[in-house]
Every structure is written in C-alpha cells, then in structure tokens.
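Enquirer: coordinates for the following, if possible.
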Amino acid sequence: MRRKDREILDKNIIKDFIAKEQVMRIAFYDNGEIYIVPINYGFMDDSEKYVFYFHGAAAGRKYELSKKSPNIGFEIDGKYELLESDVACDYSAKFQSVIGTGKISIVVDKDEKIKGLNILMNQISGKDAWAYSEEMLKAVAVYRIDVERLSCKAK
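Expert: Numbers count the residues shown, from 1 in each chain. Have a look, this model is predicted:
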C-alpha cells in the first residue's frame, strides 16, 4: 500500500466495516478480460481467516468462471463523503475500503450451504435463522470465498 498513513490494521475496525456494508465486487480473469460482479455477501472470521458467502444462479458466467478459475479479487467500499473545494484538483473524498484476493468455490455440502445462506441473510437482514426448502437448496448456488490477502484503507 502506497499510503501507509491510511492503512488500517486493527482487525476489529476491519470486521466492523465489513459487517456494516452490503455490497462486494468480485473480479474474475476470463480469457484476457476482467469480469466484475457486484454481489450481496455475508462473512465470518474463521480463526483469523475471513470467509465470505454469497448466492446466485447455478448457471451463467459467474458460475462457470467459479469452476474454471478460482482465483479472484474483491473490493468493498463505503463511508463515502465528498470533500468540496474552490479549486478543482483540491476536491477529495473520505472513504473506507477493503481490497483482497482469494479462492472462490461452489459449496456442495448441504449443511455448509445452509450455513452460508444464513450468514448471508444475517448480513443483509440482521436475522440468522431461516428455513430453506429442498427445492430452494437445489435451485441456488452458494459460493464461498476463502480470503488469501486483505488490506483496508481509509481517509
């Protein structure tokens, strides 16, 4: 990170930020192209290792790339506030962001699928106990991201 004065290392601050945000962008490398997808997510801190879950269709580009190329990049940003100025180049912004890399996989174990969906639903609704029919579980793909590197920055 170029601006070490803006780096956040406190794990509690990082976890609090991730817990309050709703949207993550995932970047895949696809035969010379970068494919970026915004998703809702849920996360857990599994023994000092972050794990993210999200859901989607069990078909399409994201699904195929998850199987073909598990190396991904991700980004979460928030706390944005424009800082205006009388001079154009002096405009700036306050923000906080998390950027990282990891491995994506499609969850096949039914119990982990339910766990991942509950973590996701808790993130977006504040409620962590949900019921899922067998039909729902068969129809949805649950994705897991195991974080390999993560950095946090704020201004």
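Enquirer: from here on, contacts and neighbour counts on C-alpha atoms
Expert: Noted.
Enquirer: please pull out the lowest mean pLDDT helix or strand from this structure.
Expert: Scoring the helices and strands of the chain by mean pLDDT, DSSP states H and E places strand 7-8 at the bottom, with a mean of 84.
Enquirer: after that strand, which helix or strand is next? Please name it.
Expert: Once strand 7-8 ends, the next helix or strand along the chain (criterion: DSSP states H and E) is helix 11-20.
Enquirer: quick one: residues in contact with that next one.
Expert: By CA atoms under 8 Å, 6 or more residues apart in numbering, the list of residues contacting helix 11-20 from outside reads 8, 42, 43, 76, 98, 123, 152.
Enquirer: recalculate using a threshold of 10 Å.
Expert: For helix 11-20, the surrounding residues in contact (CA atoms under 10 Å, 6 or more residues apart in numbering) are 8, 24, 41-45, 48, 50, 76-79, 96-98, 122-124, 150-153.
Enquirer: could you pull out the buried residues of it?
Expert: Residues of helix 11-20 classed as buried: 14, 17, 18, 19 (neighbour count, 16 or more other CA atoms under 10 Å).
Enquirer: repeat that for stretch 103-111.
Expert: 103, 104, 105, 106, 107.
Enquirer: show me the beta-bridge partners of the last one.
Expert: Residue 107 forms beta bridges with residue 142, as assigned by DSSP bridges.
Enquirer: in contact with it, which residues?
Expert: Taking CA under 10 Å, 6+ apart, one finds 53, 55, 113, 114, 116, 141, 142, 143, 144 in contact with residue 107.
Enquirer: residue ranges of the strands in this structure, please?
Expert: Taking DSSP state E as the test, the strands found in the chain are 7-8, 23-30, 33-40, 42-46, 49-57, 71-83, 92-107, 140-154.
Enquirer: TSV for those strands, including distance to residue 129?
Expert: Conversion of the strands of the chain to TSV gives the following (distance: least, CA to CA, whole Å):
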stretch	distance to residue 129
strand 7-8	32
strand 23-30	21
strand 33-40	18
strand 42-46	14
strand 49-57	16
strand 71-83	25
strand 92-107	19
strand 140-154	17
